[in-house]
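In: have a look at this fold, sequence not included:
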Ligand SMILES: C[S@@+](CC[C@H](N)C(=O)[O-])C[C@H]1O[C@@H](n2cnc3c(N)ncnc32)[C@H](O)[C@@H]1O
């Protein structure tokens, strides 16, 4: 099939994206409402995140943070100076003792596998198995060739829209060479190159993805300008001749210590004056939404070691790594692009 990475579709596929990305969010609400009677407790005990974790025996704050962002985005809770309070709509619909409580309505769904997974993820801080694959969590599965092919194809198909949408928001005229770290099929590197004729690129991804990327880049017609290199982004050196780095949908797979590590790796390898691009779904600075991103974050929290980070969280992490001068723009399908500079 002929793919033109300089054009966008004529219609907006947002509804189709949102069903897929938000598919687990209801299970997280069910886990909290039915299994933990969370809202009844919080209504009586407004609390900050550490106190919530202590009360419910959650091992880590990341899954609890994703849960509270989802509830805030729905208007079930609000946060004031770090303290979470149940709102009036949360109290009426979700607490025991309210005549309008929907807990019994959700109760017959309480044994759904993903609902049960959430209880474990909240308790342990560790990801559940990906989709219906018994073999393990996403990070482990990606080392397997067959799963890597399936997953990379899934990422590639959305990149045909999201890549060009990102490229059209960026002025890359003063940059010459990109490394797309954890670049998957190479669809984002190809999109940037397609929209900036002077640019060349390297797709850097783990060995299980390398061959898939090489084939896809050739099929898209960019093999002369887009190289593919296999490596471990945590251990192997990145190419040192690049003034443009891209993490597209990569940092959201990892917890904060690994995000810190990856930003440091990028900062070290990026040429002075270079730019880092983060392409992802971003939670807003006050962590009250957007709702579709909070729902998507629930899926990432279920199956990976990450979440959708907020713009504020990224700015803090980027600053710590040495970057400065941040921009943030919406692209398509609830995604956006942030940029940061290295002096
Ligand atoms: C969610 S996918 C994103 C792929 C692509 N950037 C996109 O936006 O569709 C995350 C990518 O990170 C890659 N990855 C995970 N761990 C890695 C590692 N240690 N070194 C290099 N790449 C890694 C995966 O193979 C996968 O292609």
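Out: Structure's in. What do you need? What you see is a predicted model; the values in this text were computed from it and never measured.
In: mind giving me the domain ranges of the protein?
Out: Listed by automatic domain parsing, the domain ranges of the chain are 14-126, 139-341.
In: may I see the buried residues of the helix or strand hosting residue 104?
Out: Using DSSP states H and E, residue 104 falls within helix 103-107. Judged by neighbour count using 16 or more other CB atoms under 10 Å, the buried positions of helix 103-107 are 103, 106. Using the backbone N, CA and C atoms, a C-beta is placed for each residue, glycine as well.
In: repeat that for stretch 279-289.
Out: Those buried within stretch 279-289 under the rule 16+ other CB under 10 Å are 279-284, 287-289.
In: just to revisit the earlier point, neighbouring contacts of the helix holding residue 104?
Out: Residues from elsewhere that reach helix 103-107 (CB atoms under 8 Å, 6 or more residues apart in numbering): 29-30, 33-34, 37, 94, 96.
In: are we agreed that residue 40 is in a helix?
Out: Yes. According to DSSP: H, G, I helix; E, B strand; the rest coil, residue 40 belongs to a helix.
In: for it, list the residues it contacts.
Out: 94-97.
In: which among these end up buried?
Out: Those of the contacts of residue 40 that meet the buried threshold are 94-95, by 16+ other CB under 10 Å.
In: select the longest helix from the chain.
Out: Counting residues, the longest helix found in the chain (DSSP state H) is helix 145-167.
In: closest one of the contacts of residue 40 to the ligand?
Out: The nearest member of the contacts of residue 40 to the ligand, counting by CB to the nearest ligand atom, is residue 94 at 32.4 Å.
In: close to the ligand: what parts of this structure are there?
Out: Contact residues (CB under 6 Å from any ligand atom) of the chain with the ligand: 142, 155, 159, 182-184, 188, 205-206, 209, 232-234, 248-250, 253.
In: from the residues you listed, which land in helices?
Out: Short answer: the residues of the chain next to the ligand in helices (DSSP H) are 155, 159, 188, 209.
In: leaving out chain neighbours, which residue sits closest to residue 109?
Out: residue 30 (5.6 Å; CB to CB, 6 or more residues apart in numbering).
In: which pLDDT does the model give the one you found?
Out: Reported pLDDT at residue 30 in the predicted model: 98.
In: what's the helix or strand for it?
Out: Residue 30 is part of helix 25-30 when elements are defined by DSSP H and E.
In: quick check: buried residues in that helix?
Out: So for helix 25-30, counting by 16+ other CB under 10 Å, buried means 25-30.
In: centre of the chain to stretch 224-239, how far?
Out: In terms of CA atoms, centre = their mean, to the nearest Å, the gap separating the centre of stretch 224-239 from the centre of its chain is 21 Å.
In: average pLDDT across that stretch?
Out: Here the average pLDDT along stretch 224-239 is 98.
In: for that stretch, measure first residue to last.
Out: Stretch 224-239 has an end-to-end distance of 17 Å (CA to CA, to the nearest Å).
In: then stretch 172-189?
Out: Using CA to CA, the two ends of stretch 172-189 sit 12 Å apart.
In: what's the distance between that stretch and the middle of its chain?
Out: With CA atoms, centre = their mean, you get 18 Å for stretch 172-189.
In: what residues of it count as buried?
Out: The neighbour-count check on stretch 172-189 (16+ other CB under 10 Å) flags 172, 175, 177-189 as buried.
In: now swap in stretch 238-247 and tell me
Out: Quick answer for stretch 238-247 (16+ other CB under 10 Å): 238-239, 242-247.
In: if we can go back for a sec, for the longest helix of the chain, packing partners?
Out: If contacts are counted by 3 or more CB pairs under 8 Å, 6 or more residues apart in numbering; DSSP states H and E, helix 145-167 sits against helix 138-141, helix 187-194, helix 207-220, strand 275-280.
In: now do the helix or strand of the chain with the lowest mean pLDDT: which elements does it pack against?
Out: Scoring the helices and strands of the chain by mean pLDDT, DSSP states H and E places helix 138-141 at the bottom, with a mean of 82. Here helix 138-141 touches helix 145-167, going by 3+ CB pairs under 8 Å, 6+ apart.
In: restricted to strands, list the buried residues of stretch 172-189.
Out: Judged by DSSP state E, strands contain the following of these: 177-181.
In: circling back: which of the residues of the chain next to the ligand count as buried?
Out: Buried among the residues of the chain next to the ligand (16+ other CB under 10 Å): 142, 155, 159, 182-184, 188, 205, 209, 233, 248-250, 253.
In: which stretches in the stretch 1-150 of the chain count as strands?
Out: 77-80, 83-86 (DSSP state E, counting those that start in this stretch).
In: how about CSV for those, with distance to residue 14, mean neighbour count and mean pLDDT added?
Out: As requested, those are exported to CSV (distance: least, CB to CB, whole Å; neighbours: other CB atoms under 10 Å; pLDDT from 0 to 100):
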stretch, distance to residue 14, mean neighbour count, mean pLDDT
strand 77-80, 26, 17, 98
strand 83-86, 29, 18, 98
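In: which of these sits closest to residue 213?
Out: Between residue 213 and the strands of the stretch 1-150 of the chain, the shortest separation by CB to CB is 41.0 Å, and it involves strand 77-80.
In: flag every buried residue along stretch 59-68.
Out: Buried, per 16+ other CB under 10 Å, within stretch 59-68: 60-68.
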